[in-house]
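**Student:** model this:
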Amino acid sequence: MSEPTARPPSVDALARSISSSGLPHPLCVDAARQAIAEGDPSRAADIANSIAAALLVPVVNATGVIAHTNLGRSPVRVDRAPRAQNLEFDLSSGQRGSRQTGIGRLIARAVGAEDAIVVNNNAAAVLLVLAALADGRDVAVSRGESVEIGGGFRIPEVLEQSGARLVDVGTTNRTRVADYRKAITKRGNDIALVLKVHPSNYRVEGFVETTPVEQLAELGVPVVADIGSGLIDANFPWLTDGPPAWLAGEPAARQTLTAGADLVTFSADKLLGGPQAGVVAGRADLVAQCARHPLMRALRPGGLVLASLHDTMLSYLSRDASTIPFWRMATAGLDSLRTRATAVVNAAGVGSVVECASLPGAGSTPGATIASIGVAIDGDRTERLRRHSPPVIARVSDDVTILDLRTIDPDDDDVIVDALRSLD
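**Tutor:** Numbers count the residues shown, from 1 in each chain. Predicted structure coming up:
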């Protein structure tokens, strides 16, 4: 007689035994069923923890990358009462309004544009502009700017999806205004606009020549400049100490429009320091043409994004960088960072204070670094730090774990102390 096969445990009982994972009971049931199906009920807790780790949770960014693409880019604070908002309601007339009116006015005022609209990211902004202004026509792009950026966003493919046709101009390393003029006047071409693209974290050095917006504006066709990272004004009126050295040469919306661009597009969650969104700003007639396009409804952002972006733009117009987390982190002084790092090390009883370098992040200002101060611990401790609650995300250099104080909110210093103590 063979031994009877052991019965699997109760799914419900196993699910209840892993309730400490913090998952709702249906997800605990999923973990229990998967563990039983794999023949190892003891793995239920590990599976539940894996499910929990895949959910969105607040983390402490100790990487030193201020706008970290994998950590939501620029940190934003949203404090809103659980009430309705006048998203598409005109308080003056009592009639239906547009979700773009208020935010468009704020952005246009900040960058010196006639009008502006907001979509869900900068890729959407570029796609919308091309679809609205160049569908079935040609768009001139320098070969040196026909790039691919993060997430597989390729300029030629975006042009194709928009219905526009790409006309390559110049060479990879050198494109002159005469190259654009030749493309515009060439028989068979129907150039609707010139697209100038920020190369993000791609650079060509050495024997290089590009055509500035001032020269492109003389070609007689609309010029659209994708400035990418979202710097709104190269004069930095919101910073008391003026332009940071690490941002020298970064294109800004206000100056690009003044130079003659008809439209600019840019991200809101990089150097702008707002939520994920994309902006189209410039000539009112072209902005209106984009706003009327059928894609606009598919690409428009929701109320939470617009509310957060409203707050961000009001801070800029008030010239109050202290309320924009990106700029508060980017401009923190070394003395204050060293004082915080010393306090953290003393309270935790582990680690040492070190000099390090932070990055703006998200493809902005490639190669630029910002001097910073961090806490160093020997060995790779990143996994243990990720297991802390809340998770702490650090970086490793030469087998030393570094927690960069520049990207850690001062309110989270106690979290860092607790996380360091847990390493012993």
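
**Student:** SS state for the residue nearest to residue 144 when sequence neighbours are not counted?
**Tutor:** Nearest-residue entry for residue 144: residue 172, 5.0 Å, with adjacent residues in sequence omitted and distances by Cβ to Cβ, 6 or more residues apart in numbering. Just so you know, the C-beta spots here come from the backbone N, C-alpha and C atoms, and that holds for glycine as well. Assigned with DSSP: H, G, I helix; E, B strand; the rest coil, residue 172 falls in the coil class.

**Student:** pLDDT at residue 172, what is it?
**Tutor:** Predicted confidence (pLDDT) for residue 172: 83.

**Student:** and it, how far from residue 211?
**Tutor:** As judged by Cβ to Cβ, to the nearest Å, residue 172 and residue 211 stand 14 Å apart.

**Student:** for residue 408, same thing?
**Tutor:** Distance of residue 408 to residue 211, computed by Cβ to Cβ: 42 Å.

**Student:** residue 81 too?
**Tutor:** 50 Å.

**Student:** comparing those two, which residue is more hemmed in?
**Tutor:** A count of neighbours by other Cβ atoms under 10 Å puts residue 211 above the other of residue 81 and residue 211, at 22 against 6.

**Student:** just give the closest residue to the more buried one, not the sequence neighbours.
**Tutor:** residue 177 (4.8 Å).

**Student:** quickly list what the closest residue to residue 184 other than its chain neighbours is bridged to.
**Tutor:** Nearest residue to residue 184, sequence neighbours excluded (Cβ to Cβ, 6+ apart): residue 191, at 4.7 Å. Note on residue 191: beta-bridge partners residue 138, judged by DSSP bridges.

**Student:** residue 191 - how many residues pack around it?
**Tutor:** Neighbours of residue 191 (other Cβ under 10 Å): 22.

**Student:** my guess is it contacts residue 182, does it?
**Tutor:** No - contact criterion Cβ atoms under 8 Å: residue 191 and residue 182 do not qualify, at 10.7 Å.

**Student:** got the contact list for residue 139?
**Tutor:** Residue 139 makes contact with 130, 159, 164-167, 191-195, according to Cβ atoms under 8 Å, 6 or more residues apart in numbering.

**Student:** most neighbours, which of those?
**Tutor:** Among the contacts of residue 139, the one with the most neighbours (other Cβ under 10 Å) is residue 195, at 31 neighbours.

**Student:** can you show me the CA trace of the helix or strand that contains it as CSV?
**Tutor:** Taking DSSP states H and E as the criterion, residue 195 maps to strand 191-197. Taking C-alpha atoms only, strand 191-197 is exported to CSV below (Å, rounded to 0.1, in the frame of the first residue of the first chain):
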residue,chain,number,x,y,z
ILE,A,191,8.4,71.7,-45.6
ALA,A,192,5.7,72.5,-43.1
LEU,A,193,8.1,73.3,-40.3
VAL,A,194,11.7,73.0,-39.0
LEU,A,195,12.1,70.9,-35.9
LYS,A,196,15.1,71.6,-33.6
VAL,A,197,15.5,68.8,-31.1
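
**Student:** would you mind pulling up the elements that the following helix or strand past it packs against?
**Tutor:** The C-terminal neighbour of strand 191-197 among helices and strands, as given by DSSP H and E, is helix 213-216. Here helix 213-216 touches helix 177-185, strand 191-197, strand 223-228, going by 3 or more Cβ pairs under 8 Å, 6 or more residues apart in numbering; DSSP states H and E.
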